[in-house]
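Undergrad: build me a structure from this.
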Amino acid sequence: MEDCKEEIEEFYNVARKGLKDKLGCVLFQLPPSFTYDPERLKAVIMAVDHEFTNVVEFRHESWWRQDVIDIMNDNNITFCSVNYPKLPTDIIKTTQTCYVRMHGNPKLFYSEYTKEQIKSLSNEVKSQSFKQAYIYFNNTASTAGIINAIQAKNMNDDHEIW
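TA: Coordinates of the predicted model:
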């Protein structure tokens, strides 16, 4: 998040002009080496363009803190919930947008989720009364992601937020 203000602004401009009303969310995916620090959190908050629906995906457990959740809530930034080895899997609500990335667990990018796990995820998302939900399956190194996405879609065809 250092020395990239121009690049981020350029990205937002391209998204604004090129995608227009087709754009759902802008995801900032941060590496596992990006550990919690109050100054880093401030940099994230300052980097986003609040005209967009912004989502931040942290990949280090140090970010799962109530003060981070509160600050993201106060700044209308969605905390990306994940299913990623060795990270908390709770669905965290900081905005009315739910954004979940299912990366494969325990084997990153490979593991297939059971129907029971997908149903549990669906129930948890629904219980929090989000206005919209984005659920992505990134366990795509095999056919698991496709299978799980179809299962999730079939379970939620009747639900308007998915």
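Undergrad: so where do the helices sit in the chain?
TA: For the chain, the helices defined by DSSP state H occupy 5-14, 38-47, 66-74, 115-127, 144-155.
Undergrad: got a list of contacts for the second one?
TA: Defining contact as CB atoms under 8 Å, 6 or more residues apart in numbering, one finds that helix 38-47 is touched by 1-2, 4-5, 8, 28, 30, 34, 56, 68, 71-72, 75, 77. Bear in mind the C-beta positions are built from the backbone N, C-alpha and C, glycine included.
Undergrad: please identify which of those residues is nearest to residue 14.
TA: residue 8 (10.8 Å; CB to CB).
Undergrad: and the closest one, how far from residue 116?
TA: Distance of residue 8 to residue 116, given as CB to CB, to the nearest Å: 40 Å.
Undergrad: when the two are compared, which one has more neighbours?
TA: More crowded of residue 8 and residue 116, by other CB atoms under 10 Å: residue 8, with 16 against 8.
Undergrad: nearest residue to the residue most central in space within the chain in space, please, no chain neighbours.
TA: By CA atoms, centre = their mean, the mean C-alpha position of the chain lies nearest to residue 80, the distance being 2.8 Å. Using CB to CB, 6 or more residues apart in numbering and skipping residues adjacent in sequence, the residue nearest residue 80 is residue 57, 3.7 Å away.
Undergrad: that neighbour pairs with what?
TA: Beta bridges link residue 57 to residue 29, judged by DSSP bridges.
Undergrad: and the closest residue to residue 59 other than its chain neighbours, what's its pLDDT?
TA: Counting by CB to CB, 6+ apart, residue 32 is the residue found nearest to residue 59 once chain neighbours are left out, at 4.4 Å. Confidence at residue 32, expressed as pLDDT, is 96.
Undergrad: low-scoring stretches of the chain, by residue?
TA: Confidence mapping of the chain against pLDDT under 70 gives the ranges 158-162.
Undergrad: what about the residue nearest to residue 80, how many residues nearby?
TA: 20.
Undergrad: pretty sure it sits against residue 27.
TA: Yes - if you go by CB atoms under 8 Å, residue 57 and residue 27 touch, sitting 6.2 Å apart.
Undergrad: between those two, what contacts are shared?
TA: Listed as contacting both residue 57 and residue 27 by CB under 8 Å, 6+ apart are residue 80.
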